[in-house]
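Chemist: A structural model of the following input is requested.
(7 chains)
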Amino acid sequence: MGFRPLHDRVLVRRVEAEEKTAGGIIIPDSAKEKPQEGEVVSVGTGARNEQGQVHPLEVKAGDRILFGKWSGTEVKVDGEDLIIMKESDILGIVG
Amino acid sequence: MGFRPLHDRVLVRRVEAEEKTAGGIIIPDSAKEKPQEGEVVSVGTGARNEQGQVHPLEVKAGDRILFGKWSGTEVKVDGEDLIIMKESDILGIVG
Amino acid sequence: MGFRPLHDRVLVRRVEAEEKTAGGIIIPDSAKEKPQEGEVVSVGTGARNEQGQVHPLEVKAGDRILFGKWSGTEVKVDGEDLIIMKESDILGIVG
Amino acid sequence: MGFRPLHDRVLVRRVEAEEKTAGGIIIPDSAKEKPQEGEVVSVGTGARNEQGQVHPLEVKAGDRILFGKWSGTEVKVDGEDLIIMKESDILGIVG
Amino acid sequence: MGFRPLHDRVLVRRVEAEEKTAGGIIIPDSAKEKPQEGEVVSVGTGARNEQGQVHPLEVKAGDRILFGKWSGTEVKVDGEDLIIMKESDILGIVG
Amino acid sequence: MGFRPLHDRVLVRRVEAEEKTAGGIIIPDSAKEKPQEGEVVSVGTGARNEQGQVHPLEVKAGDRILFGKWSGTEVKVDGEDLIIMKESDILGIVG
Amino acid sequence: MGFRPLHDRVLVRRVEAEEKTAGGIIIPDSAKEKPQEGEVVSVGTGARNEQGQVHPLEVKAGDRILFGKWSGTEVKVDGEDLIIMKESDILGIVG
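Modeler: Model prediction:
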């Protein structure tokens, strides 16, 4: 079925601990405030600014990202647990 | 009689649990903070920005949407319980 | 005598419960947080935006509206109890 | 001597209860949160917006106005007790 | 030595009670929240707005002004106790 | 080695009490909330505004300034105790 | 693997105490609120402003910087402990 985030929102799949070693970023689960790693599933079309312009987001589907520990809202899409967040919650792109 | 939301507001009908299985998104009622699924009934014409422009909303009547658990205000329209919310409360479009 | 609201304010007459049945929206008085129904008596000329432009309001005299329960300020005009509110307090137009 | 309010401020004289009957608006003194009626004594030249423009205020000297109960600051001008407030504190113009 | 306020700030000398009678504004010292009267000593060149423009202030040296009781910061300039405040703290110009 | 403040920040050296007599401003150390005097060591290139423009700061190296008591952050540069603050913390220029 | 910060974020490596002597800035570890020194590892492409423009950041990889003690979020990149912060957290450039 899929899910298309609105405006400047991004749908993200959490990347589990062991997979992360390949990605070069080791974030031990026990770390409380540490940022989390994930993969972008789908992105919104962008938010309209005060000039009425809509600019595409900087991240795209497939990007490996780091995001703040408490960012976004949990949701189930097609039976899978994912997270919906704003692009501004994303710290950067891995790799 | 109907009801036309003002500016960037959206009128939404909650989608009950069983219908959701077809929609691919299973959100058990018991879930506290989980986003809710609904269907857009009618939309406002859009809010005027600082340039004086009015842009149409990204969602339209009939869209299946996910919105934050505590979004909007409950109201009865033509005897039916619906919710009025801002477009910015909507996380994305299902399907 | 009358009363002309300033900028983006709107003067509203509350619509009593029984009249509402015709209007198709039933909002039992006992309901605490439910939005209220009313009729627009007069509107301001609009607020000036950062570009110095003044745009007319979307609601006009005679419109049936729904507004947030705690919106506006009570006032007596020509002996009648009315409410002065901002257009942004109005959820939408009935009918 | 007089007093010229700065920018978007307005100097206002409170209208006492009995005079108000002629004005058509009866606001019993005992009313706590009710808006107050007054007469505009003098107005500022207007505030400069982000475009650097200065637009005249919508109210002018002599207008009968309604303003929020707790608006403005009390001051004595030429021995008379008056109030200095922002135009945004004014709800509308009577008559 | 003198002192040139920065941007939209204004240097003000408090006007003592007795001088005020001539100025037509009587503000008894005992009054708690009453605005204070003062004389403008020097003004800044103006603050730059979002368009990059700098507009001169509306008040100038020598103006008699009314300002909010708790406005500004006390400072000694050339041995004299004065106050530095923002132009937005000034209610209006006397006379 | 030196230190170049970023954007609209300013590096300031506190001026000790005795030097201040020459500067005409006497700020006894014991004064709690009194503004402090200092000398500008170096300035940033200016902050970019919403139009994308960068305007130079109004203060420059060598200026004697007054700034709010609690402004800025203490730092050691080349072994000397200095303060980094925003230009908006500066009240004005002495002399 | 590397890590590309998003928008106006900057990836920073803390500079340990002894190295700092060469850098001319001595910030004893024990200092509580003192700014910290670090080296820029990589920078984002810049944030889009309200005009839709993206301007490059003022700091670049290799710059020695001072930043507020509590700025940013700790993260491990390629096994190394680094910090992700906004450019606005950076006080200035050393040297």
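Chemist: what separation do you get for A:Ile90 and chain C?
Modeler: 30 Å (CB to the nearest CB, to the nearest Å). All C-beta spots, glycine's among them, are computed from the backbone N, C-alpha and C.
Chemist: what is the burial count for that residue?
Modeler: 27 (other CB atoms under 10 Å in any protein chain shown).
Chemist: that one contacts A:Arg9, doesn't it?
Modeler: No. If you go by CB atoms under 8 Å, A:Ile90 and A:Arg9 don't touch, sitting 10.9 Å apart.
Chemist: can you point out the buried residues in stretch A:37-51?
Modeler: A:37-49 (16 or more other CB atoms under 10 Å in any protein chain shown).
Chemist: do it and chain G come into contact?
Modeler: Yes. Using CB under 8 Å from any CB of the partner chain, stretch A:37-51 comes into contact with chain G via A:49-51.
Chemist: next, format these as CSV and append distance to A:Leu57.
Modeler: Formatted as CSV, the residues of stretch A:37-51 next to chain G follow (distance: CB to CB, whole Å):
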residue, distance to A:Leu57
A:Asn49, 13
A:Glu50, 18
A:Gln51, 17
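Chemist: so which of these is the closest to E:Trp70?
Modeler: A:Glu50 (34.4 Å; CB to CB).
Chemist: which SS state does that closest one fall under?
Modeler: Assigned with DSSP: H, G, I helix; E, B strand; the rest coil, A:Glu50 falls in the coil class.
Chemist: re earlier: using TSV, lay out the residues of stretch A:37-51 next to chain G together with pLDDT.
Modeler: Below are these laid out as TSV (pLDDT from 0 to 100):
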residue	pLDDT
A:Asn49	91
A:Glu50	87
A:Gln51	89
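Chemist: closest one of those residues to B:Thr73?
Modeler: Within the residues of stretch A:37-51 next to chain G, proximity to B:Thr73 (CB to CB) peaks at A:Glu50, which comes in at 26.8 Å.
Chemist: now do the same contact list for the closest one.
Modeler: Listed by CB atoms under 8 Å, 6 or more residues apart in numbering or on different chains, the contact set of A:Glu50 reads B:49-51, G:50.
Chemist: swap in A:Val43?
Modeler: The contact partners of A:Val43, by CB under 8 Å, 6+ apart, come to A:5, A:9-11, A:57, A:59-61, A:87.
Chemist: are any of those buried, and if so which?
Modeler: For those, a burial check counting by 16+ other CB under 10 Å picks out A:5, A:9-11, A:57, A:59, A:87.
Chemist: out of those, which sit inside strands?
Modeler: A:5, A:9-11 (DSSP state E).
Chemist: tell me which of the residues you listed is nearest to chain E?
Modeler: Closest approach to chain E among those (CB to the nearest CB): A:Arg9, at 27.8 Å.
Chemist: so what pLDDT did the residue nearest to that closest one when sequence neighbours are not counted get?
Modeler: Once flanking residues are discounted, A:Arg9 sits nearest to A:Gly44: 4.8 Å by CB to CB, 6 or more residues apart in numbering or on different chains. Note on A:Gly44: pLDDT of 97.
Chemist: so A:Gly44 sits against A:Asp8, correct?
Modeler: Yes. A:Gly44 is within contact range of A:Asp8, at 5.7 Å (criterion: CB under 8 Å).
Chemist: please enumerate the shared neighbours of these two.
Modeler: Both A:Gly44 and A:Asp8 are in contact with A:Leu57, where contact means CB under 8 Å, 6+ apart.
Chemist: give me the distance from stretch A:79-90 to the chain's centre.
Modeler: Relative to the mean C-alpha coordinate of its chain, stretch A:79-90 is positioned 5 Å out (CA atoms, centre = their mean, to the nearest Å).
Chemist: ignore the last one, stretch A:51-67
Modeler: Worked out by CA atoms, centre = their mean, stretch A:51-67 lies 10 Å from the chain centre.
Chemist: swap in stretch A:45-58?
Modeler: For stretch A:45-58, the separation from the chain centroid amounts to 18 Å (computed by CA atoms, centre = their mean).
Chemist: rewinding a little: specify which member of the buried residues of stretch A:37-51 is nearest to chain E.
Modeler: When the buried residues of stretch A:37-51 are compared against chain E (criterion: CB to the nearest CB), the nearest one is A:Asn49, at 14.2 Å.
Chemist: residues in contact with the closest one?
Modeler: Applying CB under 8 Å, 6+ apart, the residues near A:Asn49 are A:55, G:48, G:50, G:52.
Chemist: what's the burial count for the closest residue to the second one other than its chain neighbours?
Modeler: Spelled out, that is G:Arg48. Nearest non-adjacent residue to G:Arg48, counting by CB to CB, 6+ apart: G:Val54, 5.1 Å away. Burial of G:Val54 is recorded as 16 neighbouring residues (other CB under 10 Å).
Chemist: pretty sure G:Val54 contacts G:Thr45?
Modeler: Yes. Counting by CB under 8 Å, G:Val54 does reach G:Thr45; the two are 6.3 Å apart.
Chemist: closest residue of chain A to chain F?
Modeler: Nearest residue of chain A to chain F (CB to the nearest CB) works out as A:Glu50 at 8.7 Å.
Chemist: show me what the spatially most central residue of chain A bridges to in the sheet.
Modeler: By CA atoms, centre = their mean, chain A has its centre lying nearest to A:Val12, at 3.9 Å. Partner residues in beta bridges with A:Val12, using DSSP bridges, are A:Val40, A:Ile83.
Chemist: am I right that it is in contact with A:Glu37?
Modeler: No. Here A:Val12 lies out of contact with A:Glu37, judged by CB under 8 Å, at a distance of 9.7 Å.
Chemist: common neighbours of the two, please.
Modeler: By CB under 8 Å, 6+ apart, the residues touching both A:Val12 and A:Glu37 are A:Ile65.
Chemist: which strand or helix spans A:Asp81?
Modeler: Taking DSSP states H and E as the criterion, A:Asp81 maps to strand A:80-86.
Chemist: please list the residues outside that strand that contact it.
Modeler: A:3, A:5, A:8-14, A:38, A:41, A:67, A:71-76, B:35, B:66, B:91-92.
Chemist: coming back round to it: and the residue nearest to the centre of chain A, what's its pLDDT?
Modeler: So A:Val12 comes in at 97 (pLDDT).
Chemist: hmm, back to that, tell me what the next helix or strand after the strand holding A:Asp81 is packed against?
Modeler: Next along the chain after strand A:80-86, taking DSSP H and E as the criterion, comes strand A:90-94. Packing contacts for strand A:90-94, counted by 3 or more CB pairs under 8 Å, 6 or more residues apart in numbering or on different chains; DSSP states H and E, involve strand A:64-67, strand G:3-5, strand G:9-14, strand G:73-77.
Chemist: quick one: A:Leu11 and A:Pro5 touch, right?
Modeler: Yes. Using CB under 8 Å, A:Leu11 makes contact with A:Pro5 at a distance of 5.2 Å.
Chemist: now the common contact residues for those two.
Modeler: Counting by CB under 8 Å, 6+ apart, the residues touching both A:Leu11 and A:Pro5 are A:42-43, A:84, B:92.
Chemist: and the residue nearest to the centre of chain A, what does it touch?
Modeler: Here A:Val12 is in contact with A:38-41, A:65, A:67, A:72, A:82-85 (criterion: CB under 8 Å, 6+ apart).
Chemist: try 6 Å this time
Modeler: Contacts of A:Val12 were listed using CB atoms under 6 Å, 6 or more residues apart in numbering or on different chains, and they are A:38, A:40, A:83.
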